[in-house]
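pasting the sequence and the predicted model now:
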Amino acid sequence: MATFAATTQPPKKRVKFDLQTNKDTDNDPAEIRPHPLRIKPSGNAFTATINLRDVSLGHFSVFPDELILQILGYLSEEELNLIGTTSKGLYGFSRCEELWKCLFIESPSLHESFTWHGTWRRTCLSLPPCRESRVLLPELFSDALYRPYHMSQISLAPFASKIPPQNQIKRLQTLSSVEFDNSYSKTPFILTSPVKDWLGYKSWTTESLVSAYGDVKFRAESVNWKLRDYVSYMENQDDESPLYLFDKEFIEKTKGEMEAGFTVPECFGRDFFEVLGDQRPDRRWMILGPRRSGSTFHKDPNATSAWNAVIYGEKYWIMFPPDYLPPGVFVSEDHSEVTSPLSIAEWLVSFHEAAREMPGCIEGICKAGEILHVPSGWWHLVVNLSPSLALTQNFVPKTQLPAAISFLRDQTCSISGFDSDKVKDPYKLFITRMENMFPQELKEANQKLEANTRSKWDDLVKAGSGFSFSFGGCGDSDDD
């Protein structure tokens, strides 16, 4: 069933339209193309003489727009298409792309052989654009219908530009492993040179990958699509949150050929999760996506660090240290659940300005041929400013061994990426392997963990030094 949430804050910029051309009137990022059906935001109804939402929905008009969409989310393709023929109002609601996206994704049979036709509805119905009728609805006012399209047209440029000097991610040409361990293993940075020597950087393009692996299925969030189908989607869509190809088995699926296209930069040193051999958790991914695709705020799994190398395209990153919760992000009390209810575009419109002024916030653009380091525990949001191909890999450097050990020991509910059939106790397995292969490094990491624990306890004792309590005295009574 499709689910929908109302936006908590309207866009800050006024929307301008060129109704005749249906194009941006100039390069002003505040100017948004009108909705394809000319649906408008709810606020416009206050100055309108008629609102189809009130006179063309029948009994549905008593429900909030979001509830109407949830009800329609129970319908099949045929039923949804049919209900759209009953009135102009229901026609508008039945054309909501999120409904058709859910129908397509939840119907595996549709994934086997399909042609992408530019929208989820046309693709579900195998309907070429030239055969699709369109009824314009300038008198239908609905935030729930207008907002997703509006967000899909938001320019990313204002958010990725004019980065304050104090917020900019440090850029380095090269870095040694000693410099990394001593100064940079716990801070983000961008390396500008190593990736440019990769064979993949010199030879991989969208066209070359489709030519070589077009019929290979890769994972794009909740679907497995042939690469050529995903690229067709990527190049012709207006989704608010485009599907993001994020495949952990790209080496195996390309029969090892793509592994020859990159090398891990030496500066990151030893990856201590290598002691786990083929029992280690998922660690590397190929990432492909259109402009606006990306990941909302999260931390990398299992307290690992990561590098993210851009082969082509550009990615905007905004990051916060482990102890600084980004605005608009909610974490459960035990830190096992992270909720970021807004799309990337909604978050940028609603919170980016305030986030940029928060302590600890850093930002940067990682360009083609560059590689960004994500330290263990850092919050990060990333969005493609243009169609992008990237590789990413998680690792555990020496300086982050204590964090990885603590995570595996104390946050068992949050551990991810291990094959649960082969690995029943990740912490025990990791400690055993470290004792056998790197006992000195394990000893030093445990000593740092103990020192950190003592330090936190001392801080608690100091904070409570003015407080005292007693189990005895005249205040106690068996009658209480």
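Happy to help now that I have it.

drop to CA atoms for contacts and neighbour counts, all remaining ones
OK.

so which strand or helix has residue 383?
strand 379-384 (DSSP states H and E).

does the next helix or strand after that strand pack against any helices or strands, and if so which?
Later in the chain than strand 379-384, the nearest helix or strand by DSSP H and E is strand 388-395. On a contact count with 3 or more CA pairs under 8 Å, 6 or more residues apart in numbering; DSSP states H and E, strand 388-395 meets strand 284-289, strand 305-312.

what pairs with strand 388-395, parallel or antiparallel?
Sheet pairing of strand 388-395 (DSSP bridges) gives strand 284-289 (antiparallel), strand 305-312 (antiparallel).

grab the CA positions of the last one and hand them over as CSV.
Once non-C-alpha atoms are left out, strand 305-312 reads as follows in CSV (Å, rounded to 0.1, in the frame of the first residue of the first chain):
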residue,chain,number,x,y,z
SER,A,305,34.6,4.5,7.7
ALA,A,306,34.1,4.8,3.9
TRP,A,307,35.5,6.3,0.8
ASN,A,308,33.3,7.4,-2.1
ALA,A,309,34.9,7.9,-5.5
VAL,A,310,33.2,9.7,-8.3
ILE,A,311,33.9,8.3,-11.8
TYR,A,312,31.7,10.9,-13.6
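
next, residue 338: phi, psi?
phi -120, psi 130 (degrees, to the nearest 10).

ok, the residue nearest to it when sequence neighbours are not counted to residue 213 distance?
Once flanking residues are discounted, residue 338 sits nearest to residue 331: 4.6 Å by CA to CA, 6 or more residues apart in numbering. Distance of residue 331 to residue 213, computed by CA to CA, to the nearest Å: 39 Å.

now residue 391
16 Å.

for the residue nearest to the spatial centre of the chain, helix, strand, or coil?
Among the residues of the chain, residue 295 comes closest to the average C-alpha position under CA atoms, centre = their mean, at 1.3 Å. Secondary structure state of residue 295, per DSSP: H, G, I helix; E, B strand; the rest coil, is strand.

which residues are contacting stretch 322-329?
297, 320, 338-342, 347, 351, 354-355, 360, 377-379 (CA atoms under 8 Å, 6 or more residues apart in numbering).

list the buried residues for that stretch?
For stretch 322-329, burial by neighbour count (16 or more other CA atoms under 10 Å) applies to residue 326.

give me the neighbour count for residue 384.
23 (other CA atoms under 10 Å).

residues in a beta bridge with the closest residue to it other than its chain neighbours, which ones?
Among residues not flanking residue 384 along the chain, residue 315 sits closest, at 4.5 Å (CA to CA, 6+ apart). Beta-bridge pairing of residue 315 under DSSP bridges involves residue 366, residue 384.

tell me where the stretch 351-480 of the chain has strands.
362-367, 371-374, 379-384, 388-395 (DSSP state E, counting those that start in this stretch).

out of those strands, which gets nearest to residue 308?
Smallest distance to residue 308 across these (CA to CA): 4.3 Å, for strand 388-395.

hmm, who's touching that closest one?
With CA under 8 Å, 6+ apart, strand 388-395 has contacts from 271-273, 283-291, 300, 304-315.

quick one, that strand and strand 362-367 angle?
Angle between the axes of strand 388-395 and strand 362-367 is 120 degrees (criterion: axes from the mean of the first three to the mean of the last three CA atoms, to 10 degrees).

send the alpha carbons of strand 388-395 over as CSV?
The C-alpha coordinates for strand 388-395 follow below in CSV (Å, rounded to 0.1, in the frame of the first residue of the first chain):
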residue,chain,number,x,y,z
SER,A,388,26.8,10.3,-11.6
LEU,A,389,28.7,7.0,-11.4
ALA,A,390,30.6,6.3,-8.2
LEU,A,391,32.2,3.4,-6.3
THR,A,392,32.2,3.3,-2.5
GLN,A,393,33.8,1.0,0.0
ASN,A,394,33.5,0.7,3.8
PHE,A,395,36.6,-0.2,5.9
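
ok now it, how far from the chain's centre?
On the basis of CA atoms, centre = their mean, to the nearest Å, strand 388-395 sits 14 Å off its chain's mean C-alpha point.

before we move on, the earlier item: tell me the contacts of the residue nearest to residue 338?
337, 338, 339.

how many residues are close by residue 182?
Residue 182 - counted by other CA under 10 Å - has 11 other residues nearby.

pLDDT value on it, please?
According to the prediction, residue 182 has pLDDT 96.

quick one, helices of the stretch 51-200 of the chain?
52-55, 65-72, 77-83, 88-94, 97-105, 108-112, 120-124, 143-152, 157-160, 177-179, 199-203 (DSSP state H, counting those that start in this stretch).

nope, the stretch 301-450 of the chain is what I was after
Under DSSP H, counting those that start in this stretch, the stretch 301-450 of the chain gives helices at 344-356, 401-410, 426-437, 439-463.

can you list those helices in JSON lines and add mean pLDDT?
Below are the helices of the stretch 301-450 of the chain laid out as JSON lines (pLDDT from 0 to 100):
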{"stretch": "helix 344-356", "mean pLDDT": "96"}
{"stretch": "helix 401-410", "mean pLDDT": "96"}
{"stretch": "helix 426-437", "mean pLDDT": "97"}
{"stretch": "helix 439-463", "mean pLDDT": "78"}
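
indicate which one of the ones you listed is closest to residue 49.
helix 344-356 (30.2 Å).

could you say what helices and strands the closest one packs with?
Against helix 344-356 (3+ CA pairs under 8 Å, 6+ apart) you get helix 143-152, strand 294-298.

tell me which element residue 230 falls in.
Going by DSSP H and E, residue 230 is part of helix 227-234.

and that helix, what's its mean pLDDT?
Helix 227-234 comes out at a mean pLDDT of 97.

ok so, going back, for residue 341, see how far away the residue nearest to residue 338 is.
11 Å.

what does residue 380 give?
The spacing between residue 380 and residue 341, counted by CA to CA, is 15 Å.

of the two, who's got more company?
More neighbours surround residue 380 than the other of residue 380 and residue 341, with 22 against 14 (other CA under 10 Å).
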